[in-house]
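1. fold the following.
(2 chains)
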Protein chains: 2
Amino acid sequence: MTEQTAAAPLSSLSPAELETFLETQRTAYADLQAHGLKLDLTRGKPSVEQLDLSNELLELPKGHKDSGGVDVRNYGGLSGLTELREMFANLLWVETEQVIAGGNSSLTMMHDCLVQLFLHGGPDSPRPWSKEETVKFICPVPGYDRHFTMLGNYGIEMIPVPMNEDGPDIAAVRELVTDPAVKGIWIVPTYANPSGAVCSQEVATELASMETAAPDFRIFWDNAYAFHHLTEDEAKSVDIITLASGSGHPNRPLMFASTSKITFAGAGVAFLAASKANVDWYLANQQFASIGPDKVNQLRHVQFFGSADGVREHMRKHRDILAPKFAAVDAALESALAGREVATWSKPSGGYFVNLDVLDGTASRVVELAKGAGIALTPAGASFPHGNDPRDRNIRLAPSFPVLAEVETAMAGVATCVLLAAAEKLSGAQG
Amino acid sequence: MTEQTAAAPLSSLSPAELETFLETQRTAYADLQAHGLKLDLTRGKPSVEQLDLSNELLELPKGHKDSGGVDVRNYGGLSGLTELREMFANLLWVETEQVIAGGNSSLTMMHDCLVQLFLHGGPDSPRPWSKEETVKFICPVPGYDRHFTMLGNYGIEMIPVPMNEDGPDIAAVRELVTDPAVKGIWIVPTYANPSGAVCSQEVATELASMETAAPDFRIFWDNAYAFHHLTEDEAKSVDIITLASGSGHPNRPLMFASTSKITFAGAGVAFLAASKANVDWYLANQQFASIGPDKVNQLRHVQFFGSADGVREHMRKHRDILAPKFAAVDAALESALAGREVATWSKPSGGYFVNLDVLDGTASRVVELAKGAGIALTPAGASFPHGNDPRDRNIRLAPSFPVLAEVETAMAGVATCVLLAAAEKLSGAQG
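-> Residues are numbered from 1 along each chain as shown, chains lettered A, B, ... in the order given. Next up, the predicted model:
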C-alpha cells in the first residue's frame, strides 16, 4: 500500500549497499535508544483528552428516576433501562426488544454467551457444547487477542481464515461450516481489530444465509467500533440480525457493542442485540447470575447523550482527536519505509488500530528492538490464535492513548526498528 | 417463640368453638379483601428512605483519580481500586491482597466462581466439576432461593440440612462430606436469609477444619448481611478465611459481600475475599472475560464512605429505618397469634428477613390467601431447593421495602391469613 518514492527496495541493494544500510540503521537505532523513550502503543485505550469529553458523566445523573418513573437505585430490570435500549437499538439498526443494556463490559456479555452455550446450549442446540466431542471456531486473522484467549481457554479449536478488506474470506468459511463441529465465528465487523476492515453487505449476507452443518452455529458479531469513524465517510454497520432472520437463521448472530470507547473505558455500558429467542435465553440465565445491571450508570448515559444523535455528535469529537494520530502513524511509516518494500500497513477509516505487516520473519524482532528502545508494542503474533503468526510478520499498532507528539516519536522509532530488522534479515546478520 | 397470652391454642378448641373461630376469621379476611390493598413483602429490597441515605453518590466522584493517581475512567485493574479493597479488607477482617473489588453484583461473582469450578476446576481440583459424574451441594434450609436456582440450573444435586441458630447442622454436614461427590456448601453466615441465624465461631471452626472427601470442597460464604445489624448488639462475622487457612484448607472458603444493601441496590460494589491462590485463580479467568470493574463507581464509594468506620456509621442509619419495621412485624404476629400455637417466627438481630413457620401444610394456603387480599408474599417453599418445603410451613417475610404503616397493615393481614388457614386445616374445611 505504500507509495513509490526515490528510496530503492531493500531487496534490490547489492551486498555492499545493504551492509552500509544496515550500519546506518544500527546508528539510527543507537540514537533512538539514547533518547530513553518510554512510550506505549500496546492497547486500544482512549487518551486522557478523549476521556475528558465525557467528564460531565461524573456529575450525573440528575435525579434517580428514568422517564418511566423507575427508581434506578434499587434492584430490578435485567434488560436494562428502556430509554438506553431504545437509543442503542436506533444506533445498531435493531428493535428495542432485541437489545439488552448490560454492565460495563461487552467482553463479559460475550463470555456469558459462550459459557451458556457450553453449559446449556443455545435455543437451537441439540446438546450443550460441553457435551460435544470437539468444538471449533472460525477465526478471521489477524483478529482480537482476547477473543482467541477466551476460545483457547475453553479448549475450542481455532481455525484461522484470512480477514479480507470486506470481511472474512467467505469461500474458506463456507467450506469450514460443512463440519458440524464448527460452531461459530468471531467477527469484528466494523473497523476490525486490527485491520480496520469493514464487513460488506455481500459477505454479511453470505454469513447470514449460508447453510451450516451445526444447527446452532453462532456469529459472535463484536461491533466494538460501530460508531468509531476516523473520516467523514462513516461506514454503516451491516444489520446482520435482520439479514439472518430473513434467511431463516434468526438465532445465528449475537451482536455486541459498548460505550467503552465512547464514554469511559472502564465505566461505560455494554449491549447485546439478538433475536428475541436469544435475548430470552440470555436473560433466563442472568436471572440467577446477576441482580441486574447498574441502572444508575445507564441513566447517567441516557442523560449525557440525550439521543442517538447525541452519540453520533459525541463520536465526531473523538474523531477530531484520533484522526491526526492515525495520520501521524501513516506519515511516519510512509516517510521512512516508502519504496523499501519491507512493510505494508492499513489506512483505516475507523477503529483503534493500524495493522502493520513487516518483512516475513521479522515481526518478533521489530517488537524486541522497539522494546529495547523504550517503545512498547503488542507482542508479535498477538492477533493470531495461540499468539502464533505463521509468517511472523504482523504487528498491531494502537496509537490512541499517547499524545500526538508521542505518537510521532514512537512511530519514527518503530520505522527504524522495521528497517533495521529487515536489513538484518536480508543481510543474514545476527540481531 | 411466641409468648403465652389469654388466647387458647387453636388445637384445644372444641369443634363448635373452632367453627365459630373459622367464621370470625372468614369475616376478618373478607374485611381485609375489602380494603383493596396492594402491598409487597416479597423481596429484600431497600426502601426509598434507605436509598436516600446514599444520594450523595449521585454527585460523586469529585475528580477522576484515586489517591494512587490511577485514572479511574480508563481500562485496567482487574482487582479493583486499592483503597476500596483496603476498606473492605478491614471490614471483612481479611488482608487487602485477599480481596477483589468487582462489579455491582456479588451474585455474579458467585456465579463466576461456580462456572470456573465447572469448566476448569479450582486450585485443588483433580478435574473440572463438569467432568465429575455427580456434583452435590449441601444446602442449609431455609436458605436463599437464588443460590438454589443457580445450583439446580447446573444440575447440581442439592442436599438440605437444617439451618440452626448457630449455623448449619454440623453433625449432618460432617456426615455428608464423607461423600467425594459433595463439593460444597452455601452459607449466609451472618443474619442468614431468611432465618437471621448467625454462624458461630464453633460451627465455623468445624466447617473450616473438617476432613472432606472432596479435595476441592468449597464453602460459598455469602456474607451479604455482614454489616446489616438491627440492634446495637452487632454480630461480628467469623473470619472463615483465617480459620480455614489455619486448619490447612486455605482454599476452601470463598467469601462474598457487597454494598447492594449499603448504598444502592443496583449500583453498588461487590467483593470476593479468599486465599491468594483463589484470588489468582479468579483473576486468571477474568482476564479475558472482563475489561475490569467499574472503577469510577468504586472511587465514588471510596469518597462516599471515607473509611471503614464511615461504612459502620452509615449502617447505623439503615438500622434506624429498618428496626421499627422488624418490630412492627413482630408486634403484629404477636398480637394476633400469641397463644394460638399455629406459628413461630424469628426475631432477627440483623439482615433483611423474618422467617415465619406456620402450621404444617398451610404455608401455600397462607400465601394464596394473602395474594387474594392484595398482599404479595414470597412463594411458599422458595427458601428450599426446587421450591419444595416438605412440611409446607415456611414463609419468608421481607419487610424492608414498604413504609412502616404499610408493614403494619400488611402484617395484620398476614396474621389473619395464618389464622384462617390454620382454622381451615384444623376444621377440615375447604379453602
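
2. which residues touch the nearest residue to residue A:178 once chain neighbours are set aside?
-> Distance criterion CB to CB, 6 or more residues apart in numbering or on different chains; nearest residue to residue A:178, sequence neighbours excluded, is residue A:213 at 5.4 Å. C-beta here means a position set from N, CA and C on the backbone, and glycine is covered the same way. By CB atoms under 8 Å, 6 or more residues apart in numbering or on different chains, the contact list for residue A:213 reads A:177, A:178, A:179, A:180, A:182.

3. what's the answer for residue A:260, then?
-> Counting by CB under 8 Å, 6+ apart, residue A:260 makes contact with A:104, A:105, A:106, A:224, A:266, A:268, A:270, B:75, B:291.

4. do that again at 7 Å, thanks
-> By CB atoms under 7 Å, 6 or more residues apart in numbering or on different chains, the residues touching residue A:260 are A:268, B:291.

5. ok, now residue A:21?
-> With contacts defined as CB under 7 Å, 6+ apart, the neighbours of residue A:21 are A:13, A:423.

6. buried ones in the strand or helix carrying it?
-> Using DSSP states H and E, residue A:21 falls within helix A:15-34. By 16 or more other CB atoms under 10 Å in any protein chain shown, the buried positions in helix A:15-34 come out as A:18, A:21, A:22, A:25, A:28, A:29, A:32.

7. just the buried ones from the contacts of residue A:213, in ChimeraX syntax?
-> With 16+ other CB under 10 Å as the burial test, the buried ones among those are selected in ChimeraX as follows:
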select /A:177,180,182
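
8. inside strands: which ones of the contacts of residue A:213?
-> residue A:182 (DSSP state E).

9. among the contacts of residue A:213, which one lies nearest to residue A:121?
-> Comparing the contacts of residue A:213 against residue A:121 with CB to CB places residue A:180 closest, at 13.8 Å.

10. adding pLDDT and distance to residue A:233, write the contacts of residue A:213 out as JSON lines.
-> JSON lines is the format used below for those (pLDDT from 0 to 100; distance: CB to CB, whole Å):
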{"residue": "A:177", "pLDDT": "98", "distance to residue A:233": "32"}
{"residue": "A:178", "pLDDT": "98", "distance to residue A:233": "37"}
{"residue": "A:179", "pLDDT": "98", "distance to residue A:233": "38"}
{"residue": "A:180", "pLDDT": "98", "distance to residue A:233": "41"}
{"residue": "A:182", "pLDDT": "98", "distance to residue A:233": "35"}
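
11. could you redo the contacts of residue A:213 as TSV and give each row distance to residue B:10?
-> TSV is the format used below for the contacts of residue A:213 (distance: CB to CB, whole Å):
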residue	distance to residue B:10
A:177	69
A:178	72
A:179	69
A:180	65
A:182	67
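
12. let me know the helix or strand that the closest residue to residue A:82 other than its chain neighbours is in.
-> Once flanking residues are discounted, residue A:82 sits nearest to residue A:68: 6.2 Å by CB to CB, 6+ apart. Secondary structure assignment for residue A:68, by DSSP H and E: no helix or strand.

13. on that earlier part again, mind checking how far the residue nearest to residue A:178 is from chain B?
-> Per CB to the nearest CB, to the nearest Å, residue A:213 is found 25 Å from chain B.

14. what's the answer for residue A:412, then?
-> 26 Å.

15. which strand or helix spans that residue?
-> Element membership for residue A:412 (DSSP H and E) is helix A:404-427.

16. and for residue A:219?
-> Secondary structure assignment for residue A:219, by DSSP H and E: strand A:218-222.

17. list the contacts of that strand.
-> Applying CB under 7 Å, 6+ apart, the set of residues contacting strand A:218-222 from outside is A:110, A:117, A:122, A:183-189, A:207, A:240, A:252-256.

18. from what I see, residue A:37 and residue A:374 are in contact.
-> Yes. Between residue A:37 and residue A:374 there is a contact under CB atoms under 7 Å: 3.6 Å.

19. and the strands in chain A, which stretches?
-> With DSSP E, the ranges of strands along chain A come out as A:39-40, A:99-101, A:136-141, A:157-164, A:167-168, A:182-187, A:218-222, A:253-258, A:270-273, A:343-345, A:354-358, A:375-376, A:394-397.

20. leaving out sequence neighbours, find the closest residue to residue A:387.
-> In space, and not counting its chain neighbours, residue A:387 is closest to residue A:381: 4.4 Å by CB to CB, 6+ apart.

21. kindly apply the preceding question to residue A:317 instead.
-> Closest to residue A:317 by CB to CB, 6+ apart is residue A:53, at 5.2 Å.

22. could you give the number of residues near the one you found?
-> 18 (other CB atoms under 10 Å in any protein chain shown).

23. try residue A:403
-> 13.

24. just the helices in chain A please.
-> A:15-34, A:48-52, A:82-92, A:106-119, A:145-153, A:170-176, A:201-209, A:240-246, A:276-289, A:295-305, A:308-337, A:363-372, A:404-427 (DSSP state H).

25. show the pLDDT at residue A:393.
-> Looking at residue A:393, its pLDDT reads 98.

26. doesn't residue A:358 make contact with it?
-> Yes. Contact criterion CB under 7 Å: residue A:393 and residue A:358 qualify, at 5.4 Å.

27. more neighbours: which of those two?
-> Ranked by neighbour count (other CB under 10 Å), residue A:393 and residue A:358 place residue A:358 first, with 29 against 20.

28. so the more buried one bridges to which residues?
-> Beta-bridge partners of residue A:358, counted by DSSP bridges, are residue A:343.

29. dump the residue contacts of it.
-> Residues in contact with residue A:358 (CB under 7 Å, 6+ apart) are A:342, A:343, A:366, A:393, A:395, A:418, A:421, A:422.

30. could you redo the last one with a cut-off of 10 Å?
-> Applying CB atoms under 10 Å, 6 or more residues apart in numbering or on different chains to residue A:358 gives the contacts A:337, A:342-345, A:364-367, A:380, A:391-395, A:414, A:417-419, A:421-422, A:425.

31. over to residue A:90?
-> Counting by CB under 10 Å, 6+ apart, residue A:90 has contacts A:96, A:99, A:307, A:308, A:309, A:311.

32. gap between it and residue B:420?
-> Noted for residue A:90: a distance of 53 Å to residue B:420, by CB to CB, to the nearest Å.

33. contact residues of the stretch 301-431 of chain A facing chain B?
-> residue A:401 (CB under 10 Å from any CB of the partner chain).

34. for chain B, what's the nearest residue on the stretch 301-431 of chain A?
-> Nearest residue of the stretch 301-431 of chain A to chain B (CB to the nearest CB) works out as residue A:401 at 8.4 Å.

35. which neighbours do residue A:37 and residue A:374 share?
-> Going by CB under 10 Å, 6+ apart, residues that sit against residue A:37 and also against residue A:374 are A:410, A:413.

36. count the neighbours of the closest residue to residue A:348 other than its chain neighbours for me.
-> Take residue A:348 and drop its neighbours on the chain: the residue closest to it by CB to CB, 6+ apart is residue A:196, 2.7 Å away. Neighbour count for residue A:196, taken as other CB under 10 Å: 25.

37. do residue A:77 as well
-> Neighbours around residue A:77, by other CB under 10 Å: 18.
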